[in-house]
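**Student:** I would like the atomic coordinates for the input below:
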Amino acid sequence: MTTLLSVPIIDLAPYFAGTAEGKAEVAKKVDEACRSIGFLVVTHHGIPAELIARVSQLSRRFFDMPLAEKRKVDRPREDAVRGYSAVGEEGLSYSLEEAAPGDLKESFSIGPSNVPQDDYHRGPAAGPHFEPNSWPPIDGFREAYESYFEAMSDLSRSLMRIFALGLALPETFFDDKIDKHISMFRVLSYPPQREQPLPGQLRAGAHSDYGSLTIVLPDDKGLQVFNKAGQWIDVPQVEGGLVVNIADLMMQWTNDQWVSTLHRVVNPPFEVASTNRRQSLVFFHQPNYDAMVECLPSCLAPGEQPKYAPISSGDHLTSKFVKQTTFGGTKAVA
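**Tutor:** Below you'll find the predicted structure:
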């Protein structure tokens with residue numbers, strides 16, 4: 001199989017057409033992308049353009065609010081991925097034990113809505129994974145965000161089914177591991193840079209993502225991927241396309257046959273930095289908190305051993321996010 005050194009563009013239409021041949025064609029291309037570079041751009045994904053535009057516009061209205069107003073929906077705790085986080089309050093590189101100044105971005109995050117009031121979702125084992133969402137006082141904001149979360153959940157289920165086919169598993173193999181998923185939708189705003197960044201400070205430091213897959217819609221250049229030739233390359237911007245990357249748990253599930261690739265968001269050129277504002281819609285898909293991630297049967301050849309001990313999706317996510325929000329434990333936790 002060829003090793004791709006750039007990010008491929010893959011049309012999902014043949015999969016959604018529903019024929020066995022179409023599904024196999026898409027699964028083969030996705031498998032090649034995930035083994036080579038861990039990133040792909042998908043087209044004909046079924047997400048309405050109107051919904052994307054509405055969420056983008058409402059998000060810009062939120063980030064345009066004064067800081068004191070945004071602070072009213074602040075993240076409630078270091079381990080609760082909800083609400084607002086200001087510029088410099090997180091350091092993604094710390095999730096990989098790498099020290100660097102805080103990232104030059106702010107964000108607003110939500111998790112699942114309309115969560116059942118039962119022991120699974122509200123008991124001690126659920127931890128912070130079903131923390132209630134906070135909402136700013138902007139008309140239509142909550143409805144748009146909840147609709148986008150649902151649309152991304154559906155697309156993620158389809159992508160996980162394509163992943164299963166690419167890994168020679170039954171198409172619905174992952175369905176019961178993601179039917180109560182603990183995903184997060186996060187809009188990232190990268191404000192204009194009116195001062196020189198500190199040495200090593202980026203819009204988002206180099207990192208890999210934590211869960212099963214991520215779906216990203218950036219509105220400007222800056223996202224870069226570290227390929228197997230050791231080069232940072234730009235992710236192509238495709239009209240109507242969405243960027244998809246696999247994350248750490250998928251890499252562990254496949255015993256490193258698929259790669260969770262380092263990526264980052266670089267600063268704009270100095271001559272445009274003072275007026276350049278960038279925004280990304282990011283959906284981090286994360287399996288059920290009690291889904292155990294262990295080497296898939298189709299990813300272990302005779303005589304091979306799993307490279308990772310089994311871990312639950314929830315434990316993995318909590319440990320990574322706390323490192324990100326506490327700068328590896330160097331920041332005091334309130």
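
**Student:** need the contact list for D175.
**Tutor:** D175 is in contact with R157, M160, R161, counting by Cβ atoms under 8 Å, 6 or more residues apart in numbering. All C-beta atoms are positioned from the backbone trio N, CA, C, and that covers glycine.

**Student:** for the chain, which segments count as strands?
**Tutor:** 9-11, 39-43, 83-85, 106-110, 184-190, 204-207, 213-218, 223-226, 232-234, 242-246, 263-265, 278-285, 292-293, 311-312 (DSSP state E).

**Student:** going by mean pLDDT, which of these comes out lowest?
**Tutor:** Lowest mean pLDDT of the strands of the chain: strand 204-207, a mean of 86.

**Student:** my guess is G314 contacts Y210, does it?
**Tutor:** No - under the criterion of Cβ atoms under 8 Å, G314 is not in contact with Y210, lying 11.1 Å apart.

**Student:** now a ChimeraX select for only the buried ones of the contacts of D175.
**Tutor:** Here is the ChimeraX command that selects the buried residues among these (16 or more other Cβ atoms under 10 Å):
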select :157,160,161
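
**Student:** which of the contacts of D175 fall in helices?
**Tutor:** R157, M160, R161 (DSSP state H).

**Student:** my guess is the last one meets T172, correct?
**Tutor:** By that I understand R161. Yes - R161 is within contact range of T172, at 6.6 Å (criterion: Cβ under 8 Å).

**Student:** re the thing from before, and which of the contacts of D175 is nearest to V244?
**Tutor:** M160 (11.2 Å; Cβ to Cβ).

**Student:** residues in contact with that closest one?
**Tutor:** F174, D175, I178, S212, L213, H285.

**Student:** swap the cut-off to 10 Å and go again
**Tutor:** With contacts defined as Cβ atoms under 10 Å, 6 or more residues apart in numbering, M160 is in contact with 171-175, 177-178, 181, 212-213, 250, 285, 287.

**Student:** nearest to R264 among the residues you listed?
**Tutor:** Using Cβ to Cβ, the contacts of M160 come closest to R264 at L213, 18.3 Å.

**Student:** what's the closest non-adjacent residue to that closest one?
**Tutor:** H285 (4.9 Å; Cβ to Cβ, 6 or more residues apart in numbering).

**Student:** and for M250?
**Tutor:** Excluding its sequence neighbours, the residue lying closest to M250 (Cβ to Cβ, 6+ apart) is S212, at 5.1 Å.

**Student:** how close does the one you found sit to H316?
**Tutor:** For S212, the distance to H316 equals 11 Å [Cβ to Cβ, to the nearest Å].

**Student:** looking at the two, which one has more neighbours?
**Tutor:** Using other Cβ atoms under 10 Å as the criterion, S212 and H316 rank with S212 on top: 29 against 19.

**Student:** let me see the contact set for that one.
**Tutor:** Contact analysis of S212 by Cβ under 10 Å, 6+ apart lists 156, 159-160, 163, 174, 177-178, 181, 183, 246-251, 253, 260, 284-287, 291, 293, 313.

**Student:** run the last query once more with 8 Å
**Tutor:** Taking Cβ under 8 Å, 6+ apart, we find S212 in contact with S156, M160, F174, I178, I246, A247, L249, M250, W253, H285, Q286, P287.

**Student:** which of these tops the neighbour count?
**Tutor:** In those, the most neighbours by other Cβ under 10 Å go to I246, 30 neighbours.

**Student:** pretty sure that one contacts V259?
**Tutor:** Yes - between I246 and V259 there is a contact under Cβ under 8 Å: 7.4 Å.

**Student:** please identify every residue contacting each of the two.
**Tutor:** Common neighbours of I246 and V259 (Cβ under 8 Å, 6+ apart) are C34, G38.

**Student:** which of the residues in stretch 301-320 are buried?
**Tutor:** Residues of stretch 301-320 classed as buried by neighbour count (16+ other Cβ under 10 Å): I311, S312, S313, G314, H316, L317, T318, K320.

**Student:** widest-spaced pair of those?
**Tutor:** For these, with distances taken as Cβ to Cβ, the pair at the greatest spread is S312 and K320 (12.9 Å).

**Student:** now stretch 156-170, how far from the chain's geometric center?
**Tutor:** Relative to its chain's centre, stretch 156-170 lies at 18 Å (Cα atoms, centre = their mean, to the nearest Å).

**Student:** equivalent analysis for stretch 30-49, please.
**Tutor:** 13 Å.

**Student:** and what of stretch 190-202?
**Tutor:** Per Cα atoms, centre = their mean, the centroid offset for stretch 190-202 relative to its chain is 23 Å.
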